[in-house]
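Student: My questions concern the predicted model and sequence given below.
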Amino acid sequence: MKDTKIQWHPGFVAAMNLELAASREGLIFEKEYNLNTKPLEIDLLIIKKESGVKIENEIGKIFRGHNILEYKSPEDHLDIDAFYKAGAYASLYKSYGKVSDGIKAEDITVSLVRDARPDKLFRYFEKKEYQVSNPAKGIYYIKGKVLFPTQIIVTRELPKGTHTWLRALSGELDQEDVRELVNRVRSLNGKQDRELADSVLNISVEANRQMIREMRRDADMYEALMEILEPGIQIRVDEGVRKGMQQGMQQGLQQGMQQGLQQGLQQGIEGTVELLRDFGVEDEKIKQAIMKKYKISGKEAEKYL
């Protein structure tokens, strides 16, 4: 599989939704909230439907009516300029209220989320005499020279087992982390939660390929992981068939439909082979898998290996 830039932000939105699942009914999640022009975009805006909504999760303890969340992927820097930018977004959000002072400053919070602790930024806070407190593991409140209540969430420091979803957004997971994540995904029943969890899991798998390959020695866990990922493989297959049919139909009705179906089938098989190889599955096992899944002969299957 070709290396592609990992899309961390959709996983972050899904993880926050799962983190705050107990309070979800009282919250509105607005991902990529547009402030005015396209470049001015908040990663996630969480609005309380009612002021009395209680959030038990430590991450949401600081929340008020309007909560701006900015996520920094493992490749992104969280420096003083990024810190000020998040505060500026909150200021712009306040200023764009429908009426003057329609959104009260005291009703806004800012949260910055990152995998690793931004040590350089914390040294800046110390030098400039900001007040930094640590009310819970992995959560830091920043006070002093800020316009709004502000927290920095270091996901790597969050307790294991308590904040599985946010901790999963890392390229530094160990096998214990993956087992915890897989077990949490398998324990979910609701369609919405499963879809959100799949988004987080797919990013975790993409970011931790080598470690996932090593896990194939644990047959039970590896089988469970592949079982969870199978719907994603099927989506890829279905998409390949759909695109193939569209291209084929442009070439002409019956013949085109037949060509389209064949092309879509090829794309589906190639996508499955590519994914299984990426997980280190041996060719003979891949051959058996695609023979069974696509009802093709051994000779036909060998063409894709």
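Tutor: Arrived safely, thanks for sending.

Student: Tell me the first helix or strand C-terminal of the strand or helix carrying S199.
Tutor: Assigned by DSSP states H and E, S199 falls within helix 191-207. Using DSSP H and E, the helix or strand that follows helix 191-207 towards the C-terminus is helix 209-214.

Student: by contact count, what packs against that next one?
Tutor: With contacts defined as 3 or more C-beta pairs under 8 Å, 6 or more residues apart in numbering; DSSP states H and E, helix 209-214 has these neighbours: helix 175-187. Where C-beta positions appear, they are placed from N, C-alpha and C, glycine not excepted.

Student: Just the buried residues of the helix it packs on, please?
Tutor: By neighbour count on 16 or more other C-beta atoms under 10 Å, the buried set for helix 175-187 is D177, V178, R179, E180, L181, V182, R184, V185.

Student: now those as TSV including distance to W8 and pLDDT?
Tutor: Shown next, in TSV, are the buried residues of helix 175-187 (distance: C-beta to C-beta, whole Å; pLDDT from 0 to 100):
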residue	distance to W8	pLDDT
D177	16	89
V178	17	87
R179	22	86
E180	20	89
L181	16	89
V182	20	86
R184	19	89
V185	18	87
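
Student: Let me have those residues in JSON lines, extended by distance to V13.
Tutor: As requested, these are exported to JSON lines (distance: C-beta to C-beta, whole Å):
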{"residue": "D177", "distance to V13": "20"}
{"residue": "V178", "distance to V13": "21"}
{"residue": "R179", "distance to V13": "24"}
{"residue": "E180", "distance to V13": "21"}
{"residue": "L181", "distance to V13": "17"}
{"residue": "V182", "distance to V13": "21"}
{"residue": "R184", "distance to V13": "17"}
{"residue": "V185", "distance to V13": "17"}
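
Student: now, which of those sits nearest F63?
Tutor: Closest approach to F63 among the buried residues of helix 175-187 (C-beta to C-beta): R184, at 23.1 Å.

Student: Am I right that that closest one is in contact with T164?
Tutor: Yes - using C-beta atoms under 8 Å, R184 is in contact with T164, at 5.0 Å.

Student: Could you list the buried residues of stretch 295-305?
Tutor: For stretch 295-305, burial by neighbour count (16+ other C-beta under 10 Å) applies to I296, A301, Y304.

Student: do stretch 70-86 as well
Tutor: For stretch 70-86, a neighbour-count test (16+ other C-beta under 10 Å) marks E70, Y71, K72, S73, P74, L78, A82, F83, A86 as buried.

Student: Regarding the nearest residue to G26 once chain neighbours are set aside, what is its secondary structure?
Tutor: Excluding the flanking residues, the one nearest G26 by C-beta to C-beta, 6 or more residues apart in numbering is V53, at 3.5 Å. Put simply, V53 is coil when judged by DSSP: H, G, I helix; E, B strand; the rest coil.
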